[in-house]
Structures are given as C-alpha cells and as structure tokens.
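Undergrad: From the sequence below, what's the structure:
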Amino acid sequence: MFKKLKSIAPGLLLSACVAIIAMLLSSLIPGDIIGATVMALLVGMALNPILNRYEQFNSGVNFAGKIILRIGIILMGVNLNFSEVLNVGKYSLFVMIFTMATAFGAGNLIGRVFGVNWKLTNLLSVSTAICGGSAVAAVGPVIKAKDEDIAYAISSTFIFDVLTVVAIPWIGIALGMSDTGYGLWVGTAVNDTSSVVAAGYAFSDFAGNTAVIVKLTRTLFIVPYVLIFSFITERLEAKTEVGHGRTSINLKKIFPYFIILFLVVVTLRSIGIIPNTMVPALSKTSKFCMVMALSAIGLKTSFRDIKNIGLKPMILGMIVDTLVVFVSIGVQVATGRF
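TA: Okay, the predicted model is just below:
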C-alpha cells in the first residue's frame, strides 16, 4: 500500500498543482469565459514536455486521469436534486429528446462524411448533448478514447461556448424571448455549466435560474449514455476478438460502477441525508477533482497531438453545436413556448 502511494504521489502532486494554477488563472479572466477545466487542460498540455522527460510522474498522472476523475463525477451528484428536475417539468425533457437526437444523429452522419473516427465523433456529440467537458471526461475512458481525442473534444466545446456566451444573450433580446423560454434555450443548447451560468444570467436572474436547473437535468443523462457506450465498446471488442475464442459480452467487466455511486449521491441529496450545509464543500471538492483530472489528461497530451487530428473534427463539432442551438429554439417555436 505504501509502495503504491509512493509511486503515485509525484504525479498526483503535479496534477494538483496544475489544477490550482488553472483555477487561479481562470479566476483572473472576467466573465468566466475560460472555465477552470479548460484552463487545466491547456496548462497541462503546455507542461507535457516535462512529463515526457520524467517517468516518475506517469503513475500518479494516470491515477488522477482515471480514479480522481471518477471521484469528481460521483461527487457531482450533490449538485442535483430529483425534486428540482421534476419541477423543471416534462417540457424541458421533451426539448432534450430533440436536441440529443440531433447531436448524435447529425453528429454520426456528418462524422462519417468527414471521415472522423467514431470515438471522437461521439465525444463531440456527447459534449453537445449532455454537459460539455464533464460528459467527455466521463465517456472518454469508457470508450477507451485517446487522451488527445478527449482534449480535442473539450477544446472544441470551449471554442463554441465562448461564441455562444457572447452571442446568445443578444439574440434572445433581439427575438423578444421570455425569461422561461430563454432559460430553457440556454439550458438545452449551451454545453459547459460555466457557460450556461454566464449566458443565462446575462439575460435575467429568472432565466439564469431556469437555465441552470435545465442544464443540471441534462447532467443526469450521463448515466444512460455511459452505460450505452460501455455496452457498444465491449460489443465491438468482442467482435474483433471472436477469432481468439471470445464470442460473448462480459457485462461485469463493462459495467461502470462509479455511475451507480453517482446516482446514490443524487438520491442522498434528494432525500436530505446530505444536508444543504454540506453541498457547497462537496461541490467544490467535485470541481477540484474534475479540474485535477483534466490537468492529468492535459499533461498526457501534446499540442502536436491535437494539431495532427486536423480541422475536420472541429468543423464537425461546430456544425453539431449550431444545429442543436437551432433545434432547441425551433422546438419551442413549434410548440408555442417561445
């Protein structure tokens, strides 16, 4: 046990230091334009050459990118409450059906046309459909995506979110949208939580509150998508290994148990076992774990890796994000909720 701790300590400490630096740098930028997770990814990538020279960091960085990530996702459940989800109403879920269908349907169709690999395509789609970088970080390891694909998907999400934070409030005002309609639009169409907060409250406090609740409702969909992608990945691996005597899917192997713990935390929060007084501290711990995990992913990824992927996936992500923005507002117009 002590030997294991000793081997991971340098990498964990490095990941934690990068996370702290990223959070400080992010706090210096007005409007929360660059969230701490994106900043952590960028700082980590800038320090990637150091990691390549010192192998003693590898074990701890890998630990942070996997185990600390899962702890962050589990604790993220304290931000959710089933009663708040129900209060948002069935209508927000109705809109989400269309936005998620657009993200995955159009994403995979255009991804095939562009020749983008299925893992990166679905990381871009899950980012748009659910909750930005958090969803990418949760699904990426499940489908065994490369670190550079995870970093690329998060970077693409960040670029689009910067544009939406600036443009969407003005569009909402120009269209004369109601507070509820605008909040629903932002909550279903903008990706990262920090961007939802920035865009939502730029319109009004009520719109901001609505947008955040809708966005947190989207976060719950991490559960089914992680399960679905776990099954797809294992099925594909089983097909490739059929020649080696493997013909069945190992459900025990693919089941992501951390998702169950995520739901347990949501349940404990909903029934009051986790009191409101503990929520801020646990939420901050969750955020730090996520930032630390993204620092680790950044440390394992070079800017050259990102450059080598090319522009097509970035264009794919932008197209899918734009389609979701229009589909979300289109559903509201069609159903008279505009």
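
Undergrad: Just the buried residues of the strand or helix carrying residue 109, please?
TA: If you go by DSSP states H and E, residue 109 is part of helix 90-114. By 16 or more other Cβ atoms under 10 Å, the buried positions in helix 90-114 come out as 92-93, 95-96, 98-100, 102-104, 106-108, 110-111. (C-beta placed from N, C-alpha, C; glycine too.)

Undergrad: Please enumerate residues in contact with that helix?
TA: 118, 120-122, 124-126, 128-130, 184, 187-189, 214, 217-218, 221, 312-313, 315-316, 319-320, 323-324, 327-328, 331-332, 335, 337 (Cβ atoms under 8 Å, 6 or more residues apart in numbering).

Undergrad: What is the subsequent helix or strand relative to that helix?
TA: helix 118-126.

Undergrad: quick check: angle from that following helix to helix 90-114?
TA: Counting by axes from the mean of the first three to the mean of the last three Cα atoms, to 10 degrees, helix 118-126 lies at 150 degrees to helix 90-114.

Undergrad: Packing partners of helix 118-126?
TA: Where contact means 3 or more Cβ pairs under 8 Å, 6 or more residues apart in numbering; DSSP states H and E, helix 118-126 is packed against helix 90-114, helix 133-142, helix 147-174, helix 222-240, helix 312-335.

Undergrad: so which of these gets nearest residue 298?
TA: Nearest to residue 298, of all those, is helix 147-174, at 6.4 Å by Cβ to Cβ.

Undergrad: so how far is the closest one off the chain centroid?
TA: Remark: helix 147-174 is offset 12 Å from the chain centroid, using Cα atoms, centre = their mean, to the nearest Å.

Undergrad: Pull out the buried residues from that helix.
TA: Applying 16+ other Cβ under 10 Å to helix 147-174 flags 147-158, 160-162, 164-165, 168-169, 172 as buried.

Undergrad: Could you list the low-pLDDT ranges of the stretch 201-338 of the chain?
TA: For the stretch 201-338 of the chain, applying pLDDT under 70 flags the ranges 240-256, 337-338.

Undergrad: please redo it, this time with the cut-off set to 50
TA: By pLDDT under 50, the low-scoring segments of the stretch 201-338 of the chain are 245-247.

Undergrad: filter the contacts of helix 90-114 to the buried ones?
TA: Buried residues within the contacts of helix 90-114, counting neighbours by 16+ other Cβ under 10 Å: 120-122, 124-126, 128-130, 184, 187-189, 214, 217-218, 221, 313, 316, 319-320, 323-324, 327-328, 331-332, 337.

Undergrad: Packing partners of whichever strand or helix holds residue 15?
TA: Assigned by DSSP H and E, residue 15 belongs to helix 2-28. Judged by 3+ Cβ pairs under 8 Å, 6+ apart, the packing partners of helix 2-28 are helix 36-46, helix 58-63, helix 279-299.

Undergrad: Figure out how far it is from the centre of its chain.
TA: On Cα atoms, centre = their mean, the centre of helix 2-28 falls 21 Å from the chain's centre.

Undergrad: Specify the angle between that helix and helix 279-299 in degrees.
TA: 100 degrees.

Undergrad: Give me the angle between helix 2-28 and helix 36-46.
TA: 120 degrees.

Undergrad: From here on, call the first residue 34.
TA: Sure, I'll start counting at 34 from here, so that last one is helix 35-61.

Undergrad: Could you list the buried residues of helix 35-61?
TA: Applying 16+ other Cβ under 10 Å to helix 35-61 flags 41, 43-45, 47-49, 51-56, 59 as buried.

Undergrad: how close does residue 53 get to residue 128?
TA: According to Cβ to Cβ, to the nearest Å, residue 53 stands 38 Å off from residue 128.

Undergrad: The buried residues of helix 35-61: which two are farthest apart?
TA: 41 and 59 (25.7 Å).

Undergrad: ok, back up a step: with distance to residue 259 added, can I get the buried residues of helix 35-61 in CSV?
TA: Supplementary listing: the buried residues of helix 35-61 in CSV, determined by distance: Cβ to Cβ, whole Å:
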residue, distance to residue 259
41, 25
43, 30
44, 25
45, 24
47, 28
48, 23
49, 26
51, 26
52, 23
53, 28
54, 30
55, 25
56, 26
59, 27
